[in-house]
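Student: have a look at this fold, sequence not included:
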């Protein structure tokens, strides 16, 4: 059974930083592209970032470019999302997800193989 344990969310002031972690069990992370998507109440799901399984190429949503960094450690079966210069509009539930293929497609979050329950990020003063 594939399970995700996401952590690192919480309350942070605008301009602050958080580092999200997602530990995968039941599957080998190195078989998949892996990413983070987010969803805020009343808004559509947004693919935040994805890192490919083979070349470690990355894609980011325009809204987070230059502020967020995705990374993966396949030995630890873990993916990370470093979030800096957080804004109120970053408030959402953040989930990690696996997708098939050798690279991350622009709409990778529309075709996910597995995904987690999410961790809440609240950016507020």
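Tutor: All right, it came through fine. Here the structure is a predicted model, which means the values were calculated and not measured.
Student: tell me which residue is most central in this structure.
Tutor: The centroid of the chain falls nearest to residue 36 when counting by C-alpha atoms, centre = their mean (1.9 Å).
Student: check the gap between it and residue 103 for me.
Tutor: From residue 36 across to residue 103, the span is 17 Å (C-beta to C-beta, to the nearest Å). The C-beta positions use only the backbone N, C-alpha and C, and glycine is treated the same way.
Student: ditto for residue 2
Tutor: Counting by C-beta to C-beta, the gap from residue 2 to residue 103 is 21 Å.
Student: if we can go back for a sec, just to be sure, the residue nearest to the centre of the chain is in a helix?
Tutor: No - using DSSP: H, G, I helix; E, B strand; the rest coil, the secondary structure at residue 36 is strand, not a helix.
Student: higher neighbour count, residue 2 and residue 103?
Tutor: Using other C-beta atoms under 10 Å as the criterion, residue 2 and residue 103 rank with residue 103 on top: 15 against 12.
Student: what secondary structure does that one sit in?
Tutor: Assigned state for residue 103: coil (three-state reduction, three-state DSSP).
Student: what's near enough to touch it?
Tutor: 33, 52, 54-55, 57 (C-beta atoms under 8 Å, 6 or more residues apart in numbering).
Student: what's the answer for residue 123, then?
Tutor: 12-14, 16, 86-91 are the contacts of residue 123 under C-beta under 8 Å, 6+ apart.
Student: and for residue 78?
Tutor: Contacts of residue 78 by C-beta under 8 Å, 6+ apart are 21-24, 29, 72.
Student: likewise for residue 101?
Tutor: By C-beta under 8 Å, 6+ apart, the contact set of residue 101 is 33, 52-53.
Student: what's around the closest residue to residue 24 other than its chain neighbours, how many residues?
Tutor: Of all residues not flanking residue 24 in the chain, residue 77 sits nearest, at 4.6 Å (C-beta to C-beta, 6 or more residues apart in numbering). As a burial measure, residue 77 scores 17 neighbours (other C-beta under 10 Å).
Student: pretty sure residue 77 contacts residue 28?
Tutor: Yes - Residue 77 lies in contact with residue 28 (C-beta atoms under 8 Å); the separation is 7.2 Å.
Student: so which of the contacts of residue 78 is the most crowded?
Tutor: residue 22 (28 neighbours).
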